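Q: here is a sequence together with a model predicted from it:
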Amino acid sequence: MPISSKLPQVGTTIFTTMSKLATDYGAINLSQGFPGFDCDPALVDLVTKYMKAGHNQYAPMSGVPVLRERIAEKTRLIYGVELNSETEVTVVSGATEAIYAAVTAVVKQGDEVILFDPAYDCYAPAIELNGGIPIYVPLVMPDFSVDWDKVNSAISDKTRLILVNTPHNPSGYVWTPFDLATLAELIQDRDILVISDEVYEHIIFDGRTHLSLLTHPALRERTFVCGSFGKTFHVTGWKIGYCLAPPRLSDEFRKIHQFLTFSTATPMQYALADYLAKPNHYLNLPTYYQQKRDLFCEGLKTTAFEFIPAQGSFFQMVSYGHLSQEPDKELAVRLTKEIGVASIPISVFFSDQRDHKILRFCFAKEDEELMKALDKLQNLDL
Ligand code: PMP
Ligand code: GLN
């Protein structure tokens, strides 16, 4: 029986492909974004404690109350925003679920959704599976900032949603007060909602401040903010995230979440709640990652690549178009097989797969591993 695919263009993601290639060739894996070091053992001890204490059955659908309260406390502390943990905070199984559930909650057949190009790979499939139409607005090279005239031109009577990502994957671009204010102004008299993917909220450099869309009162009214503990506490394998949204949006969000996963791993939620009680566990993150970004960028200076240091996220993009016209996908494979360093070719993040001769490296690795990778990159012949 022939099966008509709902996502005919979609294959295996580049993250799976490149991580497998790295394993097959014994290369240093700077492709898929995950920390190459373990989380704090105290966090693992907390999970064990709660498992042993019998917290092994379904959590409440919207998340265990103490974790929702701690997320609200964190939001108050760092953004000065008051959230009602009962009605505005939902714990989910990773930001991927949060984004899928938020899109599903509000996008109907024929609705247009504005996306920035390049974009993280899970946005467009979520829109298309819900009958929505992705409308791409190109970001401005080389820093991947937003061209607000282009956003304005992309808005139509059918626009239902804008999907924002700051700090941005893959470029690391961080939204400015102007970006927030302009977005608010553009949509204020329109029936347009926002999803803000803020999974790298705590990974931000050079004294910048992450501007959550929650901090803008008009945007807060119409935004689903999606976060992830995977990035913040080095536990990407736990797949625990959250969605912060006003009650009427959270109500619709929860209708989807309850049939997608219903609830999220219970002992981890209790452990994360305890761990969040000490703000230093996330306040130290910018310093921690800035040292890695600086180390990586310092080493990159002695390679053939050109780059602008990332403003945020744990990714560093590099370009090589000044030296070679080799397609980025081919170079990423060759680098893995011949040089022993895996990266992500960023053409895969573009709606038209356009090749700008840019690779993305993840620097969330032990310093020693980063230095080994930098050493190998010296041998690259472009
Ligand atoms: N958004 C962005 C921009 C990401 O980079 C990632 C994954 N690294 C996610 C969402 C998904 O997060 P999670 O693993 O919590 O589902
Ligand atoms: N977000 C990670 C990245 O950009 C990948 C996560 C995944 O493999 N789905 O590399």
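A: Received it, and whenever you're ready, just let me know what you need. All of these numbers come straight from a predicted model, not from anything done at the bench. Ligands and ions are numbered 1, 2, ... in the order given.
Q: residues near the residue nearest to Gly321 when sequence neighbours are not counted, how many?
A: In space, and not counting its chain neighbours, Gly321 is closest to Lys357: 3.4 Å by C-beta to C-beta, 6 or more residues apart in numbering. Backbone N, C-alpha and C define where each C-beta goes, glycine included. The number of residues packed near Lys357 is 21, by other C-beta atoms under 10 Å.
Q: pretty sure Lys357 contacts Met317?
A: No - look at Lys357 against Met317 with C-beta atoms under 8 Å: they stay out of range, at 10.7 Å.
Q: got the residues of the protein near ligand 1?
A: Taking C-beta under 6 Å from any ligand atom as the criterion, the chain approaches ligand 1 at residues 33, 94-96, 120, 165, 169, 197, 199, 228, 230, 236, 239, 241.
Q: out of those residues, name the two that are farthest from one another.
A: Within those, two members stand farthest from each other by C-beta to C-beta: Asn165 and Lys239, at 18.5 Å.
Q: and the two? Which one has more around it.
A: Neighbours were counted for Asn165 and for Lys239 using other C-beta under 10 Å; Asn165 has more, 25 against 19.
Q: picking up where we left off before, residue contacts, the residue nearest to Gly321?
A: Under the criterion of C-beta atoms under 8 Å, 6 or more residues apart in numbering, the neighbours of Lys357 are Ser319, Tyr320, Gly321, Ser324, Gln325, Glu326, Asp328.
Q: show me where the protein has its strands.
A: Taking DSSP state E as the test, the strands found in the chain are 28-29, 89-92, 112-117, 133-138, 159-165, 193-197, 223-228, 241-244, 315-319, 341-342, 344-345, 358-362.
Q: how about low-confidence regions in the stretch 201-350 of the chain?
A: Applying pLDDT under 70 to the stretch 201-350 of the chain picks out no residues at all.
Q: excluding its backbone neighbours, what's nearest the closest residue to ligand 2 within it?
A: At 6.5 Å from ligand 2, Ile344 is the closest residue in the stretch 201-350 of the chain, using C-beta to the nearest ligand atom. In this structure, Ile344 finds its nearest non-sequential neighbour in Arg360, 4.4 Å apart by C-beta to C-beta, 6+ apart.
Q: on that earlier part again, which among the strands of the chain is found nearest to Met1?
A: That would be strand 133-138 among the strands of the chain, by C-beta to C-beta, at 29.2 Å.
Q: quick revisit: out of the contacts of Lys357, which are buried?
A: Ser319, Tyr320, Asp328 (16 or more other C-beta atoms under 10 Å).
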